[in-house]
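**Student:** 3D, please:
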Amino acid sequence: MSIGKVKILLFAFACEPDKGSEPGVGWNWAIHLSKYAKVTVVTRKNNKDSIENALRNLPNSNLSFIYFDIPLLKTIKKYIPFGTQFYYLLWEFFVLNKIKRNGWDLVQRITFVTTVTLLRLYKLGKPYILSFCAGGETSPAAILRGYSLIKRIKEINRKNYNSLYKISPITRRIYSTSKLIITVTNETKEFIENLGVRKKIIVEPAIGLQIIRPTYKTSCTNKIIYAGSLIYLKNVDFLIKAVEKIEKSELILDIFGNGERKEELKKYVNEKALNRKIVFNKPIRRNELLDKFKEYDLAIHASSHDSGSMFLLEAISRGVPVLFLDTGGPKEIFNGIDYPLKINPNQTYEQIINSFSEKVNWFYVNYDTFIKDFVFLREKVVEKYDWDTKAQRMIDIYKEILDENTSSS
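**Tutor:** Residues are numbered from 1 along each chain as shown. Below is the predicted model of the structure:
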């Protein structure tokens, strides 16, 4: 069967053009896979306007959409605890009623990026891929001990939630009848295997990037950037306290984002008289951020267990070096690459902060030499995360599954 004639059905709860995070994952896989096969995407009706507007400017005969929402729940999900997650599971459970049972050669779940699913794809009677699974990433023990009791309980509950396979017959059947499971990190691969899943599992990060030719700076601006949520998992206090220890007086850390910890973090900065070194800014739109990267020497990140990190990947795409806690998705970005600007997470709280300070100092002392090496290291990352390359890898997987299915029928 020619792959160009193959009809692929993608389930992407989150799918929107010109967005990062989950919506960007859904949209980019749809766009790039449709270069090689006929693709139909099932997504939320809430995404329809932005998708249809994009398709008017980017017509694509290989790409079509089916929209589905649960009207009443769509409204009340905003007002109940974990409303989005609850709505997502119900959306998955009921969306199959919208789908015809024939016309597809292969089916794949794309988003949400999670291990948890109630999408009973076996009912379609077609070979299917369960992707992109995440959630096996955990907070390093030393960092977890530093969280409040409530936050530690939240982390335990998260692990139990991601272990739904153990208690849900629906989830067990979804996993056991899949042709392939794709996880975004090796940590989640091991997590799923330890749950007792006995299916083929491969690792393929859900995120990707467009290849551009960056302009590397010839001199430093002495500016560092963090953009993202200001929640406990992001450990932005590590970054603030690390910069506090650095004697380089002209250094500035720009923080873009909102979240539950913003006022607490701002209070600390005020009390320590760090306002000249650490500046809080409103959240920034993705397109503005991509342009703004050129102002910065370094992007910095300390999340306990992100499954991806588009912030770091897009900084790299723009030619900006990154410094990060070596966990989860960020760890996967440089997996197998000898990269000096990463922090060992298996240290005490104070040691991690000191490590960030030492790495920033090292970066500026060795800036000219490091940038020459970074140009080469960046190419390795770009080669791995380029959307076209990723889509081609997925198409090869489709061919293998469809060939196996044909030979066994």
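**Student:** when you work out contacts or count neighbours from here on, use the C-alpha atoms and nothing else.
**Tutor:** Fine.
**Student:** which SS class is the closest residue to residue 278 other than its chain neighbours?
**Tutor:** The shortest distance from residue 278 to any non-neighbouring residue, by CA to CA, 6 or more residues apart in numbering, is to residue 253 (4.8 Å). What DSSP: H, G, I helix; E, B strand; the rest coil gives for residue 253 is strand.
**Student:** then residue 269?
**Tutor:** Residue 269 ends up helix, using three-state DSSP.
**Student:** need the contact list for it.
**Tutor:** Contacts of residue 269 were listed using CA atoms under 8 Å, 6 or more residues apart in numbering, and they are 240, 275, 278.
**Student:** again, only using 6 Å
**Tutor:** If a contact means CA atoms under 6 Å, 6 or more residues apart in numbering, then residue 269 has no contacts.
**Student:** quick one: it from residue 371, how far?
**Tutor:** 31 Å (CA to CA, to the nearest Å).
**Student:** next one: residue 178
**Tutor:** Residue 178 sits 44 Å away from residue 371, going by CA to CA.
**Student:** check residue 338 too.
**Tutor:** Using CA to CA, residue 338 is found at 14 Å from residue 371.
**Student:** neighbour count: those two, which is higher?
**Tutor:** Taking other CA atoms under 10 Å, residue 338 and residue 371 do not tie; residue 371 has more neighbours (18 against 9).
**Student:** how much space separates that one from residue 149?
**Tutor:** Taking CA to CA, one finds residue 371 at 42 Å from residue 149.
**Student:** and if you look at residue 201?
**Tutor:** From residue 201 across to residue 149, the span is 34 Å (CA to CA).
**Student:** of the two, who's got more company?
**Tutor:** Between residue 201 and residue 149, counted using other CA under 10 Å, residue 201 has the larger neighbour count: 20 against 11.
**Student:** ok, that one touching residue 181?
**Tutor:** Yes: here residue 201 reaches residue 181: they are 4.7 Å apart, a contact under CA atoms under 6 Å.
**Student:** how far away is residue 235 from residue 32?
**Tutor:** For residue 235, the distance to residue 32 - CA to CA - is 34 Å.
**Student:** now do the domain split for the protein, please.
**Tutor:** Listed by automatic domain parsing, the domain ranges of the chain are 3-207+386-408, 223-384.
**Student:** can you say which of those domains is nearest to residue 215?
**Tutor:** The closest of these to residue 215 is domain 223-384. By CA to CA, the value is 6.8 Å.
**Student:** ends of the closest one, what's the gap?
**Tutor:** End-to-end distance of domain 223-384 (CA to CA): 28 Å.
**Student:** pLDDT score for residue 409?
**Tutor:** We have a pLDDT of 55 for residue 409.
**Student:** one more: residue 40?
**Tutor:** 95.
**Student:** which element is it on?
**Tutor:** Residue 40 is part of strand 38-44 when elements are defined by DSSP states H and E.
**Student:** can you dump the C-alpha atoms of that strand in PDB for me?
**Tutor:** Extracted in PDB, the C-alpha atoms of strand 38-44 (Å, rounded to 0.1, in the frame of the first residue of the first chain):
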ATOM      1  CA  LYS A  38      -4.300  11.600   4.100                       C
ATOM      2  CA  VAL A  39      -5.000  12.900   7.600                       C
ATOM      3  CA  THR A  40      -8.200  13.500   9.400                       C
ATOM      4  CA  VAL A  41      -8.000  15.100  12.900                       C
ATOM      5  CA  VAL A  42     -10.600  14.700  15.500                       C
ATOM      6  CA  THR A  43     -10.400  17.700  17.900                       C
ATOM      7  CA  ARG A  44     -12.500  20.000  20.000                       C
END
